[in-house]
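Student: Mind looking at a prediction? Sequence and model below.
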Amino acid sequence: MDRPVEARVTRHPAAVLLRSSALPALVAGGLVAVGFAFSSATAAASVGVGVGLALVALSAGPALLAVLPSVSPPAAMLMALTVYGTVVMALAVAYQRLYELSWLSGIAVGAGIGAATLAWLAGMIRAVPRLRIPIFGVDQGFPGEAGDPGPGGSSASSSDSLP
């Protein structure tokens, strides 16, 4: 008997989050760019720059989620702080370099960043409750459960070991 298509496809949470957040961000950024295109082509291009900056910065979280299940909690926290610091520094360098461009419209870049970020968050809020991400490992048992050795190293339950 065939399983439903949904059951056959294994979806990685990071890919689901990235796809469900980036698509609305791109659509919202495109709509804002079209609106700014009535002003000028450089304003529309500036919106594109802002959307690109937002997408690069916001995609660091789902990218980090792809590697976190296999590391310990302290290592995960260290990785998260390192990625966050790297993104902040990269954005600072990008903003400094973009400031030097005379054709770039700051208002349009800000509108692109704002639209992409709000749409990204809306997509994330919609996607996260639908994901099934276990907080703790599902195959970890508690001592004393059936088949799991208790403190004494015996897998027998307490009723089996009574005299």
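Tutor: Okay, I see it.
Student: Which pLDDT does the model give Thr86?
Tutor: With respect to pLDDT, Thr86 scores 92.
Student: Spatially, what comes nearest to it if we skip its sequence neighbours?
Tutor: Distances taken as CB to CB, 6 or more residues apart in numbering put Ala60 closest to Thr86, at 7.8 Å, once the chain neighbours are dropped. Using the backbone N, CA and C atoms, a C-beta is placed for each residue, glycine as well.
Student: Quick one: residues contacting that neighbour.
Tutor: Contact analysis of Ala60 by CB atoms under 8 Å, 6 or more residues apart in numbering lists 83-84, 86-87.
Student: out of the residues you listed, who's nearest His12?
Tutor: Val83 (17.8 Å; CB to CB).
Student: State the helix or strand in which that closest one lies.
Tutor: helix 73-99 (DSSP states H and E).
Student: that older thread, distance of the residue nearest to Thr86 from Ala44?
Tutor: 26 Å (CB to CB, to the nearest Å).
Student: Please apply the same query to Leu68.
Tutor: 37 Å.
Student: Please say which of those two ends up with more neighbours.
Tutor: Using other CB atoms under 10 Å, the more surrounded residue of Leu68 and Ala44 is Ala44, with 20 against 15.
Student: my read: the more buried one touches Gly30, true?
Tutor: No. Assessed by CB atoms under 8 Å, Ala44 is found out of contact with Gly30, at 9.7 Å.
Student: center of the protein, which residue is that?
Tutor: Pro62 (2.5 Å; CA atoms, centre = their mean).
Student: Next, that residue: phi, psi?
Tutor: phi -60, psi -30 (degrees, to the nearest 10).
Student: quick one, helices of this structure?
Tutor: 5-8, 13-37, 41-58, 60-65, 73-99, 106-127 (DSSP state H).
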